[in-house]
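1. following is a predicted model, sequence given first.
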Amino acid sequence: MSKTSAAPGASAPENAGAPRTSRVLPVMTLAAGLSVAGNYFAQPLLGLLRTELHMTTTAAGMVVAVSQIGYALGLAFLVPLGDRYPRRDLAAALLAATGVLLLLEGVAPNGPLLLAATGLVAVTSVGAQILVPFAAELSAPDSRARNVGTVMAGVLAGGLIGRAFSGALADVAGWRSVYWVTAVLLLTTAFAVRRVLPESRGNRSDETRPGSLLRSTAALLVEVPALRRPVAVASLAMAGYTVHLVTITLLLVEEPYDWSTSTIGAVGLVGAVGPLCMPLAGRYVDRGHPRAVLLAGLLLSGLAWLVMLPARNGEIGRLIIGMIMINLGQTAMLNASQNTCYEMRPEARSRINAVFMTLFFAGGALGGALAPPVWSAYGWNGVCALAGAIAAVGLLIAAARPYRAPEAGPRRS
């Protein structure tokens, strides 16, 4: 199937909305960022939540875990529906649902209700992952990766800005105001998505019935073997990236740094370089260099750990340079991997995105689970070795000979 054709019954003719992308991309990017931001609000608010809602430390910490679980469920069960229902309408509905649930989260009178609302917000927040393949659907081939990168930049920025926004607004107007303000913004954005984005058709064939969608989503890695490599590489890269997120905080709270939470948060804004450069990576992918972008990103992320190794001795400059390298490398890897996957089955982009993102965050969970015990046992040097090894494995997988579908014909004995 060519890039410019679509399977019968696909959600919309490929590139049908290409001329409209310059008008709709800002709306899609804003909607994607707002959709996921609520999943990160609680991280700097755990102390306030524990005090005001009389939660135990364990229960307050579960707010973050529940967000991750809810997001995984949304990826698995809601994102594939984008291959059956009009993506514009589905995204708008999920954005509106997230806004309503954020209002409920903001009025929660106790810990259990807050946890329940948090989980539901996370489930519906996957509206962002409906918009990403929709951007691919609307784009011409020579701008597809760049446009997907722009929307994904919104997703990444939503998490980054969400943490900073919640802490700042909570100091001024209380933690509940964080959820109320974002709810109003999301409901407004849902209306804008419904009005501004082009209409798209659904695909109500037997193949896309909800039960069939879930089965076909689960079978994609078997039916499309070429998916395995970019998905595996992305999962490993996310594992290494999460090691960096977890252990840099552990490094900076100890000597010789002994930094405050607000200072550590400010250093974390270095990560903004990733979302800012996502469309740039997309430009090179659009020019026909996805493999080069992928390998460069993985190599940059791996070398970053060598650069950061002396940071244990207080070399903050080396740490910041390494953080910039990791975020640039992660951006390049993600854009190249995602767009490579999207081109394999254009009529199944939502299902492919569900598989990709589910395993992507599974890799992050693995990195998050490995980082603390390695830190406890071997310190910063052990963490650098762990993340460097993960990066090396990912690079070897990516550099191996690309998968080629077997040619039709009689099988050789």
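-> On my side now, so go ahead.

2. quick one: mean pLDDT over whatever helix or strand residue 387 lives in.
-> Counting by DSSP states H and E, the element that carries residue 387 is helix 349-399. Mean pLDDT, helix 349-399: 91.

3. what's that helix packed up against?
-> helix 57-77, helix 127-138, helix 210-223, helix 228-252, helix 290-308, helix 316-342 (3 or more CB pairs under 8 Å, 6 or more residues apart in numbering; DSSP states H and E). (Glycine included, C-beta is placed from N, CA and C.)

4. redo these as a markdown table? Include mean pLDDT and mean neighbour count.
-> A markdown table is the format used below for the helices and strands packed on helix 349-399 (pLDDT from 0 to 100; neighbours: other CB atoms under 10 Å):
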| stretch | mean pLDDT | mean neighbour count |
| --- | --- | --- |
| helix 57-77 | 80 | 18 |
| helix 127-138 | 90 | 28 |
| helix 210-223 | 84 | 15 |
| helix 228-252 | 89 | 22 |
| helix 290-308 | 95 | 22 |
| helix 316-342 | 92 | 24 |
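
5. any idea which of those helices gets closest to residue 399?
-> helix 290-308 (6.3 Å; CB to CB).

6. returning to what we had before: determine which of the helices and strands packed on helix 349-399 approaches residue 388 most closely.
-> The nearest among these, by CB to CB, is helix 290-308 at 4.4 Å.

7. and the closest one, what does it pack against?
-> helix 228-252, helix 273-286, helix 316-342, helix 349-399.

8. need these in TSV (columns: distance to residue 167).
-> Formatted as TSV, those follow (distance: least, CB to CB, whole Å):
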stretch	distance to residue 167
helix 228-252	14
helix 273-286	19
helix 316-342	20
helix 349-399	21
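
9. which one of these lies nearest to residue 37?
-> Short answer: helix 273-286, nearest of these by CB to CB, at 12.7 Å.

10. returning to that earlier point: can I get the helices and strands packed on helix 349-399 in TSV with distance to residue 84?
-> Putting the helices and strands packed on helix 349-399 into TSV (distance: least, CB to CB, whole Å) gives the following:
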stretch	distance to residue 84
helix 57-77	13
helix 127-138	11
helix 210-223	6
helix 228-252	22
helix 290-308	28
helix 316-342	18
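
11. closest one to residue 97 among the ones you listed?
-> helix 127-138 (8.0 Å).

12. could you list the low-pLDDT ranges of the stretch 51-200 of the chain?
-> 57, 61 (pLDDT under 70).

13. now the helices for it?
-> 57-77, 87-106, 111-124, 127-138, 144-173, 175-196 (DSSP state H, counting those that start in this stretch).

14. return the most buried member of those helices.
-> helix 127-138 (a mean of 28; mean count of other CB atoms under 10 Å).

15. same for it, what does it pack against?
-> Using 3+ CB pairs under 8 Å, 6+ apart: helix 127-138 touches helix 21-37, helix 87-106, helix 144-173, helix 316-342, helix 349-399.

16. okay, these in CSV with distance to residue 196 next?
-> What follows is the helices and strands packed on helix 127-138, written out as CSV (distance: least, CB to CB, whole Å):
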stretch, distance to residue 196
helix 21-37, 5
helix 87-106, 9
helix 144-173, 14
helix 316-342, 23
helix 349-399, 20
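
17. quick one: which of these is nearest residue 180?
-> helix 87-106 (4.7 Å).

18. ok and that closest one relative to helix 349-399, angle-wise?
-> 90 degrees (axes from the mean of the first three to the mean of the last three CA atoms, to 10 degrees).

19. pretty sure residue 66 contacts residue 115?
-> Yes - using CB atoms under 8 Å, residue 66 is in contact with residue 115, at 5.4 Å.
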